[in-house]
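In: show me the folded form of this:
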Amino acid sequence: MNITDFQSLTPIDYGWSGDQKFRAVTPDGTPYFLRITSRQRGDRFAKLFDLQKAVAATGIPMCAPVAIGECEEGVYAIHSWIDGVDAEAAVPTLPAEVQYKLGRDAGQYLTRIHSIPAPEGQPDWEARFNAKIDRKIKIYADCPIHFDGDHHLLRFIEENRHLLWNRPQTFQHGDYHIGNMMLADAETDPKIVVIDFDRYDFGDPWEEFNRIVWCAGVSPVFATGLVDGYFGVDANTAVPMEFWRLLALYISSNMLSSIPWAIPFGEGEIQTMLRQADDVLSWYDNMKNPVPTWYDAALSHKK
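Out: Okay, the predicted model is just below:
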């Protein structure tokens, strides 16, 4: 299959990547997802395509890669099309037990994503992430906008850097949260579909949870299910405390860079990140409790 096989292209105006995206339909009416990127990003695009083939082979619901090639505008990739709705909007409207089950499914899918190993010769994770923390602290210090309680995050970071030692590394989706998921069969038998691997990386698999703040803000029950599904939590097991402390470290680091990131996008994004900082400090009791309150609050909804 190639880009000339389509009879119609309908633009999709969604996402932050800057790539061109389309619902592309063949003459027999079969829809596909078509994405076109610049030639400058072609090598990374091709590498991602191969990695997505490895992810699709694990059986998780996703837009599976079909074909890749070059066109006049750059490099294109064709993926299978999945009809569905935005999970971020749809999941909170469902019964709590369904939200929790969907979260568990998303957590189990993430274990499959993390089953794909990182290439050999990856830089040491402790050194790499400590350097990232240092950069984020500096850009936050240089930023004209600060949030109340930032000293709690800075203290927690300095007290917990040692947790980065000897962490494993795997393939990472790179932006794994409810905003990058769809809900298929939403009105009959809702199922989570994972999308948008564009920010893929390799690193500590537990760092992947740093975007869970977006899930918890929309559905604490879904976020709880995501963690429980990943670790296979049942009546006889619990989430490791080491995970909670590392997650709090990763979230603290992310919050410092979120404000400088938001400034170019305007006041709306700045306010979103300031609210999120307030939420994080509240969930963690000013970083005194490594287990966030949204997890505790959602326990009664487990089924």
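In: what does the pLDDT read for the closest residue to residue 103 other than its chain neighbours?
Out: Closest residue to residue 103 apart from its sequence neighbours, by C-beta to C-beta, 6 or more residues apart in numbering: residue 225 at 2.3 Å. From N, CA and C alone the C-beta is placed, and that goes for glycine too. Per-residue confidence (pLDDT) for residue 225: 96.
In: in a helix, that's where residue 225 is, yeah?
Out: Yes. Looking at residue 225 with DSSP: H, G, I helix; E, B strand; the rest coil, it is inside a helix.
In: can you count the residues close to it?
Out: Neighbourhood size, residue 225 [other C-beta atoms under 10 Å]: 30.
In: isn't it up against residue 104?
Out: Yes. Between residue 225 and residue 104 there is a contact under C-beta atoms under 8 Å: 4.2 Å.
In: just give the number of residues close to residue 39.
Out: 11.
In: in the stretch 201-303 of the chain, mark out all the helices, start to finish.
Out: 212-218, 220-231, 241-262, 267-283, 293-298 (DSSP state H, counting those that start in this stretch).
In: among these, which comes closest to residue 122?
Out: helix 241-262 (17.5 Å; C-beta to C-beta).
In: may I see the buried residues of that closest one?
Out: Buried residues in helix 241-262, counted by 16 or more other C-beta atoms under 10 Å: 243-260, 262.
In: for stretch 183-200, same thing?
Out: 183-184, 186, 190-198, 200.
In: any chance of these in a markdown table, plus secondary structure?
Out: Below are these laid out as a markdown table (three-state DSSP):
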| residue | secondary structure |
| --- | --- |
| 183 | strand |
| 184 | strand |
| 186 | coil |
| 190 | coil |
| 191 | strand |
| 192 | strand |
| 193 | strand |
| 194 | strand |
| 195 | coil |
| 196 | coil |
| 197 | coil |
| 198 | coil |
| 200 | coil |
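In: which members of those residues are the farthest-apart pair?
Out: 186 and 200 (26.7 Å).
In: chain center to stretch 117-125: distance?
Out: Put simply, stretch 117-125 sits 20 Å off its chain's centre (C-alpha atoms, centre = their mean, to the nearest Å).
In: what does that stretch rub up against?
Out: By C-beta atoms under 8 Å, 6 or more residues apart in numbering, the residues outside stretch 117-125 that reach it are 164, 167, 169-171, 202-204.
In: farthest pair in those residues?
Out: Greatest spatial distance among the contacts of stretch 117-125 (C-beta to C-beta): 164 and 171, at 18.8 Å.
In: over stretch 45-60, what's the mean pLDDT, rounded is fine.
Out: For stretch 45-60, the per-residue pLDDT averages 96.
In: next: stretch 79-91.
Out: Average pLDDT, stretch 79-91: 95.
In: repeat that for stretch 259-266.
Out: 94.
In: stretch 233-248 now?
Out: In the prediction, stretch 233-248 has an average pLDDT of 94.
In: again with stretch 269-278
Out: Taken as a whole, stretch 269-278 has an average pLDDT of 96.
In: for that stretch, which residues meet the burial criterion?
Out: Using 16+ other C-beta under 10 Å as the test for burial, stretch 269-278 gives 270, 273-274, 276-277.
In: what's it in contact with?
Out: For stretch 269-278, the surrounding residues in contact (C-beta under 8 Å, 6+ apart) are 145, 147-150, 213, 217, 255, 258-259, 261-263.
In: now those residues as JSON lines including distance to residue 79?
Out: Output for the contacts of stretch 269-278, formatted as JSON lines (distance: C-beta to C-beta, whole Å):
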{"residue": "145", "distance to residue 79": "38"}
{"residue": "147", "distance to residue 79": "39"}
{"residue": "148", "distance to residue 79": "44"}
{"residue": "149", "distance to residue 79": "42"}
{"residue": "150", "distance to residue 79": "41"}
{"residue": "213", "distance to residue 79": "28"}
{"residue": "217", "distance to residue 79": "28"}
{"residue": "255", "distance to residue 79": "33"}
{"residue": "258", "distance to residue 79": "30"}
{"residue": "259", "distance to residue 79": "34"}
{"residue": "261", "distance to residue 79": "28"}
{"residue": "262", "distance to residue 79": "30"}
{"residue": "263", "distance to residue 79": "33"}
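In: so which of those comes closest to residue 78?
Out: Of these, the one sitting nearest to residue 78 (C-beta to C-beta) turns out to be residue 261, at 31.4 Å.
In: just the strands from the stretch 101-250 of the chain, written as ranges.
Out: 170-172, 181-184, 191-194, 201-203 (DSSP state E, counting those that start in this stretch).
In: about what we covered before: just give me the closest of the contacts of stretch 269-278 to residue 230.
Out: Nearest to residue 230 among these is residue 213, at 16.0 Å by C-beta to C-beta.
In: next one: the closest one from residue 120, what distance?
Out: Going from residue 213 to residue 120 by C-beta to C-beta, to the nearest Å gives 32 Å.
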